[in-house]
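Trainee: Predicted coordinates and the sequence they were generated for:
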Amino acid sequence: MLETRPHLFSRAPVFLSAGEVAELRAVVAAIEEVVRNPSYQRAALAWAPPIAARDFGPRGALMGYDFHLTAQGPRLIEVNTNAGGAFLNALAGQAQRVCCAEAGIGLAPGEAEGFAEAARAMFIREWSHQGRAGAPRRIAIVDEAPAEQHLYPEFLIAQRVLAADGAEVLILDPADLSYCDGVLSAVGAPIDLVYNRLVDFAFDEPRHTKLRSAYLDGAVVVTPNPHLHALYADKRDLILLSDLPTLASWGVSAPALEALNAVPRTIRVTPENAEDLWRERKRWFFKPTRGHASKGVYRGEKLTTRVWAEILAADYVAQAYTPPSERQIAIDGRPQTRKLDVRLYTYDGEVLLSAARLYQGQATNLRTPGGGFAPLFVV
C-alpha cells in the first residue's frame, strides 16, 4: 500500500525547540478552557445544526490542532475533530526513535512508544463518558469507501491496535450498517462504538441516515460526533477564538487569552464586508465554514472573480493569512524547499502525539515529492 502512496511519509524530520512545543500545548489548553465556557458554547451552538445540540458525553477521539510556525510564535490555522494520521505517525515515530536515539535527539518524551496504549485507553474512556460500563466489544471504523481512502493504511493499523485488548474491530462503509429496534449492527452483530472518520459532520446525507438515527437515540457511542465538531471544528468557531475582548468578557482567564493570540483574526464573509475583503484579499485566506481536508479553500491573492462569486454565494470565513514556515530538503541530491505545518493530536486536552507535514502548493496534500507526514523532534 505504501508503494501506491509514495509521498505519505517524508524522509526529512522537523525540529522544534522545547519552548516552541510548550507554546503549542498552551494553545490547546486555552481552547479547552474556552470550549468549557457556557457563553462560548451558546455562541458556537447557535450556528450549528440541530443534531449538534445534544451532548452525549464523549470528548472526541484524536482531535487535531494545526499550526503554522512564525517568527512571532505559532499560529493556529484550524482545529479538526477527525484528524487523520495519528496511527501512521506513531508507527513512523517509533522507527525514527530507534534510528536517532544514539544521536541524543528525541521525540516528545514517550509519545510514539506510548501511543497505542493511550489510543486504546481513549476509546474506553469515550465509552464510559457515555455512561457505558466495561469496554466496547465491537468497534467500527467508519468512512466512505474506506479501502479507497488515501489514509486506508491507517485504518488497518488502528484496527490492529484497538483489537489488542480483545475487541472486534471492523472497517466499514456507512452502507454496511443496519439500525433496527434500537441496535446498530453490521455483519449480523451489534456495534458498540463508532470511530467516526466521515466528513459529513452532521450526518445530513441520506446514506448516513442509519448512523444518524442510532446516534440521536443514544444507541451507539460515536466519536468524534456532531456536538464536538460544532464546538471545536466549525470554521466559524475561529471567529470566537480570535475575538479576545469577547472572550475576556465571558471570563476566560488571562493566561488563556495570552495563548489565544496565536489564533489569526477570523471574520464571516458577508455582503456588507465583501467589497473590503475583495480589495484587501491578499491579506486573507478563505475557508468554507464546514469544510474539510483543505477543500474549497483559497488564498486571497490567487482569487479570480469567478471563484469570488462562488465564495459570496456560499458560507465562508476569512482568516488573516499566515504563511507557513519552510523546510529545506534534498531530492536527488538537489536542495528544494517545502512548506510545513505542525499537528498536535489530542484527547480531552491531553497531547497524545505531535507530528509535522511537508508539502507544496496551497495546502497539505500528502502527494508532494519529498513531502508527507514527518516526525517531529524536540531539541
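Mentor: Perfect, thanks for sending it.
Trainee: Where do the strands of the stretch 1-150 of the chain begin and end?
Mentor: 14-16, 63-70, 73-80, 106-107, 138-142 (DSSP state E, counting those that start in this stretch).
Trainee: any idea of the mean pLDDT for the first one?
Mentor: What it means is strand 14-16. Mean pLDDT, strand 14-16: 89.
Trainee: For it, which outside residues touch it?
Mentor: 69, 105, 327, 340, 342, 356, 358, 374-379 (C-beta atoms under 8 Å, 6 or more residues apart in numbering). To be clear about C-beta, it is placed using only N, CA and C from the backbone, and glycine gets the same treatment.
Trainee: Report how far apart the opening and closing residues of stretch 199-219 are.
Mentor: This stretch, stretch 199-219, spans 21 Å end to end (C-alpha to C-alpha, to the nearest Å).
Trainee: Please apply the same query to stretch 239-251.
Mentor: Distance across stretch 239-251, first residue to last, is 17 Å (C-alpha to C-alpha).
Trainee: And it, how far out from the chain middle?
Mentor: 22 Å (C-alpha atoms, centre = their mean, to the nearest Å).
Trainee: Show me which residues of that stretch are buried.
Mentor: 239, 240, 241, 242, 243, 244, 247, 250 (16 or more other C-beta atoms under 10 Å).
Trainee: Please list all residues in contact with the closest residue in space to residue 296 that isn't next to it in sequence.
Mentor: In space, and not counting its chain neighbours, residue 296 is closest to residue 288: 4.5 Å by C-beta to C-beta, 6 or more residues apart in numbering. Contact partners of residue 288, counting by C-beta under 8 Å, 6+ apart, are 235, 295, 296, 297, 314, 315, 316.
Trainee: Specify the stretch among the strands of the stretch 1-150 of the chain that is closest to residue 161.
Mentor: strand 138-142 (10.8 Å; C-beta to C-beta).
Trainee: Mind giving me the packing neighbours of the helix or strand following the closest one?
Mentor: With elements assigned by DSSP states H and E, the helix or strand that comes after strand 138-142 is helix 152-162. Counting contacts by 3 or more C-beta pairs under 8 Å, 6 or more residues apart in numbering; DSSP states H and E, helix 152-162 packs against helix 86-100, helix 111-129, strand 138-142, strand 168-172.
Trainee: can you pull out the helices in the stretch 251-379 of the chain?
Mentor: Using DSSP state H, counting those that start in this stretch, the helices of the stretch 251-379 of the chain run over 254-259, 274-279, 305-313.
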